[in-house]
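A.B. asks: from the sequence below, what's the structure:
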Amino acid sequence: MSRRCRRREETAESLDLLLDTICNMFGLFIFVAMLVALIASVRAQEPTVEDPRRIEDARLAAARRERDEVAARLAALDPGALDEESRAAARFGQAVEDADLELAARRARLAALQAALDEQDLLERGAESERPLLEVEVSRLEDELRSIRATREVSVRTPRRRELADRVPAQLVVARGRAYLLNDWSDPAAHPCDSWSTWNPQAVDPDRSISIIHYCWRAGGQHLERTAYLLPEGGVPVTDAARLERDREWRRAIATLDPARHVVSIKVSPDSFREFAAVRAAVAARGFLYDVAPTAIEPASFSYRDEILEGATTAQ
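C.D. replies: Residues are numbered from 1 along each chain as shown. Modelled structure (predicted):
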């Protein structure tokens, strides 16, 4: 082998040794770095144990600083301002209580208004359902109003008394808002004295009523004293002429009289002057002559007294 070749081999071996040394050193550095990192991580996970005395000293210092701050604040406080703030706090507390009371009152009013609104809704629904009936009632009242106006505007005879021959007075008492035809005139052939003594049981209590005939001549002339006890629920209730004409009992009673023979003698109690207009209109509408006079009704017994004497029948 030549010297040059031998020299190249030695040089290659030397480089290999150097490379091995460098690799080993690099691996050692890596190992040391990994070891240092592992130790550092383990130490970081270990809890730090502090000195208890140092902890207590730190706490004591913090408490002293807090004490000093509180003392400084108390020293800086103004007693007058503190009292004013106390009074302001009391006022605010009272205002809060008043606001709570007002809120409760408003809630109560709101509940009452809601209840009233619900009731109003019910009333509106009820009124809507009753509307047809109300329309009928309004129509009826309008008819009655027209009838009352007609009653007030009816043309009546001049209130001048005149004597009539061959006419028999039939007493019609108006008291307590009711009309009472005292006698039964259903028999046209009966003598007037008999009819004046025969009571209408629908208007008068016949068992208590009295008719004293002093004399009664067929040729003319009579003297009777009578006391009629009216029935409180008898007779015919009077509201207006139109309704009176629709009353079945009124039509039955007035049908027993004859316009050509009878004069309706209307006796009006002071408590029934308002009903008199309707009775007069109903009597005049049937063509009767009538005579009107006030009368006194005994309030305790609800009785009517009169005296029938001989003489000519009068009418207005």
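A.B. asks: from here on, just use CA atoms for contacts and neighbour counts.
C.D. replies: Noted.
A.B. asks: how about the strands in the protein?
C.D. replies: Counting by DSSP state E, the chain has strands at residues 162-164, 168-175, 178-181, 210-216, 222-229, 236-237, 262-268, 289-294, 303-309, 313-315.
A.B. asks: nearest to E102, of those strands?
C.D. replies: strand 236-237 (56.9 Å; C-alpha to C-alpha).
A.B. asks: any idea how far the closest one is from the middle of the chain?
C.D. replies: With C-alpha atoms, centre = their mean, to the nearest Å as the basis, strand 236-237 stands 34 Å off its chain's centre.
A.B. asks: ditto for stretch 71-87
C.D. replies: With C-alpha atoms, centre = their mean, you get 59 Å for stretch 71-87.
A.B. asks: coming back round to it: can you lay out the strands of the chain as a markdown table showing mean pLDDT and mean neighbour count?
C.D. replies: Listed next are the strands of the chain as a markdown table, based on pLDDT from 0 to 100; neighbours: other C-alpha atoms under 10 Å:
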| stretch | mean pLDDT | mean neighbour count |
| --- | --- | --- |
| strand 162-164 | 58 | 12 |
| strand 168-175 | 94 | 23 |
| strand 178-181 | 96 | 24 |
| strand 210-216 | 91 | 15 |
| strand 222-229 | 94 | 18 |
| strand 236-237 | 95 | 20 |
| strand 262-268 | 94 | 23 |
| strand 289-294 | 92 | 18 |
| strand 303-309 | 92 | 16 |
| strand 313-315 | 58 | 19 |
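A.B. asks: nearest to G93 among these would be which one?
C.D. replies: strand 236-237 (70.3 Å).
A.B. asks: okay if I get the strands of the chain as CSV plus distance to A104?
C.D. replies: As requested, the strands of the chain are exported to CSV (distance: least, C-alpha to C-alpha, whole Å):
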stretch, distance to A104
strand 162-164, 80
strand 168-175, 59
strand 178-181, 57
strand 210-216, 74
strand 222-229, 65
strand 236-237, 56
strand 262-268, 63
strand 289-294, 65
strand 303-309, 64
strand 313-315, 76
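A.B. asks: of those, which is nearest E128?
C.D. replies: strand 236-237 (32.8 Å).
A.B. asks: neighbouring strands of that closest one in the sheet, and parallel or not?
C.D. replies: strand 178-181 (antiparallel) (DSSP bridges).
A.B. asks: C-alpha coordinates for the strand it pairs with, PDB please?
C.D. replies: Taking only C-alpha atoms (Å, rounded to 0.1, in the frame of the first residue of the first chain), the coordinates of strand 178-181 have been written out as PDB:
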ATOM      1  CA  ARG A 178    -158.400  52.200  42.400                       C
ATOM      2  CA  ALA A 179    -161.900  52.700  41.000                       C
ATOM      3  CA  TYR A 180    -164.800  51.100  42.900                       C
ATOM      4  CA  LEU A 181    -168.300  50.800  41.400                       C
END
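A.B. asks: next one: that strand to chain centre, how far?
C.D. replies: 40 Å.
A.B. asks: got the contact list for that strand?
C.D. replies: Contacts to strand 178-181, defined as C-alpha atoms under 8 Å, 6 or more residues apart in numbering, come from residues 170-174, 200, 203-204, 230, 234-238, 253, 272, 275, 279.
A.B. asks: nice, that's everything, thank you.
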